[in-house]
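Engineer: Curious how this folds, go ahead:
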Amino acid sequence: GRAFSPVPLPLPAHASIMTGTYPHVAGVRNNGRRLPKGRPVLAEILKARGYRTGAFVGAFPLDSRFGIDRGFDLYDDRYGSRNASRDLTFVERPADEVNAAALAWIGEKSGLPFFAWVHYFDPHAPYEPPPPYASAYRGREYDGEIAYADAALGRLLAGLEKAGVLRDTLVVLTADHGESLGEHGESTHGIFVYDSTLRVPMIFAHRDLVRAGRTVQDPADLIDVAPTILALLGVRPPPGTQGRSLKPFLEASGGDAPRDLRNRETYFESQAGWLDRRWAPLTGIRSGSWKYIEAPRAELYDLEADPGEMRNVIVSFPAEAKR
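Structural biologist: As a prediction, this is how the structure comes out:
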């Protein structure tokens, strides 16, 4: 399917995931900012309904100091020294260590349902996969990081199975952003708003609530994650939620999704260039196959004909751009 982040940065994207709102509404538009109080986050909503809540994060951008820990009984951000610095990269811990902490907490028998946020940071610069992936993917280290994270996810699911809870657990897999790897002249992510850094995976799985094997081609956004989880659990999202429940796409009964979900328009931005370097801020709208980027030289792409966003067609389609 086609799922997208509204912002190619870890902290703002996670704030959007947890609040179901765009970065300018959630109040976090760059890494290193603090999530303002006031807007309910997913962990708070579920905690109020009797869930145990635990977060197990892999790296510094999601440190509790940034306020993303709201609503969690346990916020495990023990990823290593807070003082280490190396080439401006973030301190992180590998996925298997994140798994160990998460599975230990999940295994505590309390009789309560649980909400666990398990965060892997491995597919992130610098690309240094552990053995045996380092040798198996020499020269393709980013692929090695992906393969390691994928294997770690398998071990996490096996751990849930062993604990006897996988059958009753709603599993949601997504990412905060993609990686450009040189496309459009960007080596990693955070500045530009092309789909190389905005497109993300999004998978929902549950034995009863979700129809197995279904692929959805209609567009989804990270702001939809929280309202979808809540809808599947029978919980009304808080007022002001901008995301839409994807439950109609996922339900075991199938059926057609509402037209307003199919024909929606979504917003995206990157303010990091402006906030960090006083470069132009970038904002944009995605509407059907069209994608418009507001920039000093505005850009318009027909994603159906040009999914790599290589041909700016704004001169050829002035009416679409104006709309």
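Engineer: For Phe114, grab phi and psi.
Structural biologist: phi -130, psi 150 (degrees, to the nearest 10).
Engineer: contacting residues around it?
Structural biologist: By Cβ atoms under 8 Å, 6 or more residues apart in numbering, the contact set of Phe114 is Tyr51, Arg52, Thr53, Gly54, Ile106, Val165. C-beta: built from backbone N, CA, C; applies to glycine.
Engineer: Packing partners of the helix or strand where Ala55 lies?
Structural biologist: Assigned by DSSP states H and E, Ala55 belongs to strand 52-56. If you count contacts as 3 or more Cβ pairs under 8 Å, 6 or more residues apart in numbering; DSSP states H and E, strand 52-56 packs onto helix 42-48, strand 74-76, helix 95-106, strand 114-118.
Engineer: Of all the ones you listed, which one is nearest Asp224?
Structural biologist: Taking Cβ to Cβ, helix 42-48 is the member of the helices and strands packed on strand 52-56 nearest to Asp224, at 12.2 Å.
Engineer: and the closest one, what does it pack onto?
Structural biologist: For helix 42-48, the elements it packs on are helix 10-19, strand 52-56, strand 114-118, helix 225-232, judged by 3+ Cβ pairs under 8 Å, 6+ apart.
Engineer: Other residues contacting it?
Structural biologist: 17-20, 53, 55, 70-73, 115, 117, 226, 229-230, 233, 235, 238.
Engineer: For stretch 300-312, give me every contacting residue.
Structural biologist: Identification of contacts with stretch 300-312 by Cβ under 8 Å, 6+ apart yields 183-184, 194-195, 289-293, 299, 313-314, 317, 320-321.
Engineer: try stretch 278-292
Structural biologist: 4, 191-193, 195, 219, 263, 265-271, 273-274, 293-296, 298-305, 309, 320-321.
Engineer: How far does it sit from its chain's centre?
Structural biologist: Relative to its chain's centre, stretch 278-292 lies at 19 Å (Cα atoms, centre = their mean, to the nearest Å).
Engineer: cool, stretch 93-101 as well?
Structural biologist: With Cα atoms, centre = their mean, you get 19 Å for stretch 93-101.
Engineer: what sits up against that stretch?
Structural biologist: 56-59, 76, 78-80, 118-122, 130, 148-149, 152-153, 155-156, 159.
Engineer: Include mean pLDDT and distance to Arg65 when you put the helices and strands packed on strand 52-56 into CSV, please.
Structural biologist: Formatted as CSV, those follow (pLDDT from 0 to 100; distance: least, Cβ to Cβ, whole Å):
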stretch, mean pLDDT, distance to Arg65
helix 42-48, 98, 17
strand 74-76, 94, 11
helix 95-106, 96, 19
strand 114-118, 97, 17
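Engineer: re earlier: in helices, which of the contacts of stretch 93-101 appear?
Structural biologist: Tyr148, Ala149, Ala152, Leu153, Arg155, Leu156, Gly159 (DSSP state H).
Engineer: re earlier: mind checking which of the contacts of helix 42-48 are buried?
Structural biologist: Neighbour counting by 16 or more other Cβ atoms under 10 Å classes 17-20, 53, 55, 70-72, 115, 117, 226, 229-230, 235, 238 among these as buried.
Engineer: just these now: which is nearest Thr174?
Structural biologist: Ile17 (7.3 Å).
Engineer: what's that closest one in contact with, if anything?
Structural biologist: Applying Cβ under 8 Å, 6+ apart, the residues contacting Ile17 are Leu42, Thr174, Asp176, Leu222, Ile223, Val225, Ala226.
Engineer: any idea how far Glu265 is from it?
Structural biologist: According to Cβ to Cβ, to the nearest Å, Ile17 and Glu265 sit 20 Å apart.
Engineer: Next: Ala158.
Structural biologist: Counting by Cβ to Cβ, the gap from Ala158 to Glu265 is 40 Å.
Engineer: Buried ones only from the contacts of Phe114, please, as a ChimeraX command.
Structural biologist: Typed into ChimeraX, the next command selects the buried ones out of the contacts of Phe114 (criterion: 16+ other Cβ under 10 Å):
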select :51,52,53,54,106
